[in-house]
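> I'll drop the sequence and a predicted model, then ask my questions.
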Amino acid sequence: MVLRGLAGIAIVTWCGCHVPAAPAASSAAVHASARPAALAAPAPPEDDDTTGPVASPLGDDTARSLANLYPQADAFAGKRVRRPTAVLLFSPRLDPDPDPSLPPAARVFQPLVCSIAGKRITGARCGEVMPARATIRTPGGPLVVARSTRPFHDEAGGRDYPAPYGPACCMYNTCVGRTVPYRAALGARLAGAPGPILAVWPADADLALEVARDGVAAGVAAGVTPPLAADQRVESSFQRGARSYAALRSRHGGALTWNLGAGWVVTHPDIGPRGYTILATSDVDHDGHLELIAHERWANDYGLDVFGDAPAPLYAFSCGNI
């Protein structure tokens, strides 16, 4: 789908995409040989204010297509610092087979959850505390990102977003949500990497981030045995210390469940996606209560959820339609 901002900039969006599952050893256990070098000064972004959500078609729920949803581990080798204000950002998988007649898709990051002065916050407020141009940490190295300086116009829905704001995602008939998107430098080596990315600002911040594939390959972790309905199965699972997380699948759709030590909690979406993929856990404010980052899989779209201890998400957006 092609939308056009008020300045006439083409904004290409697809709906559907992203990320992981599995038990995770501590991120600190990642071998030093597999980690990138310490952060170096990156090139500044190119002068292009293209912004907007970017995603790609999911395809069918095969093991191969699900593997395309997994982000890489946060393997930063430098010293991590607990900062009172720090942000976790997400960028979805780029379209692996883009239409050559359309402009190239920009790599766009949007803030999910953050700590502001030591308090956990979600959504657009996290982007508001970031500088207009910032260096973020990605699995492949540092990357400079910048806010848009131009307004965004949702032609289908008739809604205007003043700079630096934009929609969380767009469907064929409207855009939804409100965020502060950050665009990566198109010429940077990470901008063209096709996979989804979890990123951190400031670039040395310690968010206690563990991607769900840190410990083992995607699959069902040993010892994760949630109670199941007759038609449910565990599609993937993840363990972090004594905490267990699982993505469930049935003929009616997907659900998430977790056990933090006091019994299993199950999400019950009113109109559920086809399935969930567990991306990561974090502890942005270091209070011992983790955030669970999960990807919603829809027939031709995607959504993203940030959960705390309770089954209702702290933050969510969805472009999904069954």
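Nice, I can see it. Numbering: from 1, shown residues only.

> switch to C-alpha atoms for all contacts and neighbour counts from now on
Noted.

> shouldn't Asp285 be in contact with Thr122?
No. Applying C-alpha atoms under 8 Å, one finds Asp285 not in contact with Thr122, separated by 11.7 Å.

> The stretch 101-250 of the chain: helices as residue ranges?
If DSSP state H, counting those that start in this stretch is used as the criterion, the helices of the stretch 101-250 of the chain fall at 124-128.

> show me where pLDDT drops low in it?
Judged by pLDDT under 70, the stretch 101-250 of the chain has its weakly predicted residues at 186-193, 214-223.

> Next up, the contacts around Val234.
Neighbour list for Val234: 220, 246-249 [criterion: C-alpha atoms under 8 Å, 6 or more residues apart in numbering].

> out of these, who's nearest Leu290?
Proximity of the contacts of Val234 to Leu290 (C-alpha to C-alpha) peaks at Ala246, which lies at 14.9 Å.

> Name the nearest residue to the closest one, sequence neighbours excluded.
Excluding the flanking residues, the one nearest Ala246 by C-alpha to C-alpha, 6 or more residues apart in numbering is Ser237, at 4.0 Å.

> Hmm, that neighbour is touching Val224, no?
Yes. If you go by C-alpha under 8 Å, Ser237 and Val224 touch, sitting 6.9 Å apart.

> hey, what's in contact with both of the two?
Shared contacts of Ser237 and Val224, defined by C-alpha under 8 Å, 6+ apart, comprise 244-246.

> any chance of the residues you listed in TSV, plus neighbour count and distance to Phe76?
Output for the shared contacts of Ser237 and Val224, formatted as TSV (neighbours: other C-alpha atoms under 10 Å; distance: C-alpha to C-alpha, whole Å):
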residue	neighbour count	distance to Phe76
Ser244	22	25
Tyr245	28	25
Ala246	30	27
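
> Relative to Asp204, which of the contacts of Val234 is nearest.
Ala246 (29.8 Å).

> By neighbour count, which of the contacts of Val234 wins?
Tallying neighbours with other C-alpha atoms under 10 Å puts Ala246 at the head of those, with 30 neighbours.

> Where do the strands of the stretch 1-150 of the chain begin and end?
Using DSSP state E, counting those that start in this stretch, the strands of the stretch 1-150 of the chain run over 2-4, 10-12, 86-91, 108-116, 119-122, 133-138, 141-147.

> Let me know how buried Ile105 is, in neighbour terms.
You called it Ile, but residue 105 is Ala. Applying other C-alpha under 10 Å, we find 24 residues neighbouring Ala105.

> wait, doesn't it sit right on Leu94?
Yes. Ala105 is within contact range of Leu94, at 7.4 Å (criterion: C-alpha under 8 Å).

> got the contact list for the one residue sitting closest to the centre of the chain?
Centroid-nearest residue in the chain: Phe90, 3.5 Å away (criterion: C-alpha atoms, centre = their mean). Neighbouring residues of Phe90 by C-alpha under 8 Å, 6+ apart: 109-112, 196-199.

> As TSV, those residues with distance to Gly141 would be great.
Shown next, in TSV, are the contacts of Phe90 (distance: C-alpha to C-alpha, whole Å):
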residue	distance to Gly141
Phe109	15
Gln110	18
Pro111	18
Leu112	20
Pro196	14
Ile197	11
Leu198	12
Ala199	10
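
> which among these gets closest to Tyr315?
Nearest to Tyr315 among the contacts of Phe90 is Leu112, at 7.5 Å by C-alpha to C-alpha.

> Return the residues in contact with that closest one.
Contacts for Leu112 (C-alpha under 8 Å, 6+ apart) come out as 87-90, 122-124, 126, 306, 315.

> the more surrounded of Asp285 and Thr122?
Neighbours per residue (other C-alpha under 10 Å) separate Asp285 from Thr122, with Asp285 holding more: 26 against 19.

> circling back to that earlier point, out of the contacts of Leu112, who has the most neighbours?
Val87 (29 neighbours).

> Format the strands of the stretch 1-150 of the chain as a markdown table; extra columns: distance to Ala184.
Converted to a markdown table, the strands of the stretch 1-150 of the chain look like this (distance: least, C-alpha to C-alpha, whole Å):
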| stretch | distance to Ala184 |
| --- | --- |
| strand 2-4 | 19 |
| strand 10-12 | 14 |
| strand 86-91 | 10 |
| strand 108-116 | 6 |
| strand 119-122 | 21 |
| strand 133-138 | 10 |
| strand 141-147 | 4 |
